[in-house]
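J.: When you get a sec, could you give me coordinates for this:
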Amino acid sequence: MGLFNIFSKDKKQSLDQGLQQSNQSFFSKISKAIIGKSKIDDEVLDNLEEILLTADVGVATTLRIIEKIEKRVDRDKYLGTAELNTILREEISELLKENNTDDYKDFNIPIQDEPYVIMVVGVNGVGKTTTIGKLAHQFKKQGKTVMLGASDTFRAAAVDQLKIWAKRVDVPIVEQGMNADPASVAFDTLQSAKAKKIDVVIIDTAGRLHNKINLMNELTKIKSVMKKVLPHAPNEILLVLDGSTGQNAYEQAKQFSIATEINALAITKLDGTAKGGVVIGISDQFKIPVKYIGVGEGMEHLQVFNKQEFVDSLFKGQ
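T.: Numbering: from 1, shown residues only. Predicted coordinates for the structure are as follows:
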């Protein structure tokens, strides 16, 4: 067995374990919903709708899935409840495939002469700093040089937490302490990274300011200042969401989408919830690529999101 196959197997095992609560909860509810039923009828579909909603798939996405299943039932005339898992799996897979990106294979970045800049946004407590540390670790494993920028200067512990991760992963960090100008920190980080020919720069930002207008203005200012150093920056604006918070994650995605131009998502803490359906709903409703998922506390438990692997693990054993 090759080294790549070993890593792939380990990743799959981590994903299966991370989604175990969602898997067990989801299918135990489906099994109860179809007891005594021989075919997919209105009652089965009503029960399935409720199950999808409680898994935090979201109202709009749930209705899309139910509508697709109804069309299949009408087309095929008779579908037994024994086929429900297969149909559901196929429709969720198709739904994810519709949503604008190819699967990510690894933590590689596009080849370019200047640093690849990732600006990370998200509210406090979602695992933003931890995600940054794990990203830095994964990029280093790919042979890339990494630098962190501590532009979340609004919260007392934020800079200290990022410094701990920088030391743990053994990457340089640019910081000016609490209450420093976040845009100034980002500017200095990019200047240093450019001079040192760093491959990847990850900029942390505040998850909360006094109001939404302040947050929007701050993020806009950071982006504008970075462009003075690297016109292409940021290459990626990554929103980190806590998968265990359910509908709060949807609201955060909505608010940050208004505040800035997000082009990638990381959904964390999926191992601690039975509501892994949030990945399906957010991917579908916001049309922003889910790029990373967190399925555990270890360094290796931040994974690139692969749609088919996710569905396979969600339906494992069914």
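J.: Which stretches in the stretch 101-250 of the chain count as helices?
T.: Counting by DSSP state H, counting those that start in this stretch, residue ranges of the helices within the stretch 101-250 of the chain are 128-141, 156-169, 182-195, 212-229, 247-259.
J.: Please identify which of the ones you listed is closest to Asp76.
T.: Minimum separation from Asp76 across these (Cβ to Cβ) falls at helix 247-259, 32.8 Å. For every residue, glycine as well, the C-beta is placed using N, CA and C.
J.: And the next helix or strand past the closest one?
T.: strand 264-268 (DSSP states H and E).
J.: where does that following strand sit relative to the chain's centre, distance-wise?
T.: Relative to the chain's own centre, strand 264-268 is displaced by 2 Å; criterion: Cα atoms, centre = their mean, to the nearest Å.
J.: list the buried ones in it?
T.: For strand 264-268, burial by neighbour count (16 or more other Cβ atoms under 10 Å) applies to Ala264, Leu265, Ala266, Ile267, Thr268.
J.: sorry, back to before: tell me which of the helices of the stretch 101-250 of the chain sits most buried.
T.: Scoring these by mean neighbour count under mean count of other Cβ atoms under 10 Å gives helix 128-141 as the most buried, with a mean of 22.
J.: Give me the angle between it and helix 156-169.
T.: Helix 128-141 and helix 156-169 are oriented at 20 degrees to each other (axes from the mean of the first three to the mean of the last three Cα atoms, to 10 degrees).
J.: excluding its backbone neighbours, what's nearest Ile280?
T.: With Cβ to Cβ, 6 or more residues apart in numbering as the measure, Val57 is the residue that lies nearest to Ile280, at 5.3 Å, once sequence neighbours are left out.
J.: From what I see, the one you found and Gly277 are in contact.
T.: Yes - counting by Cβ atoms under 8 Å, Val57 does reach Gly277; the two are 3.8 Å apart.
J.: Quick one: residues contacting the spatially most central residue of the chain.
T.: Computing the C-alpha centroid of the chain and ranking residues by Cα atoms, centre = their mean puts Ala266 first, at 2.1 Å. Taking Cβ atoms under 8 Å, 6 or more residues apart in numbering, we find Ala266 in contact with Thr131, Leu238, Leu239, Val240, Leu241, Val290, Lys291, Tyr292, Ile293, Gly294, Leu302.
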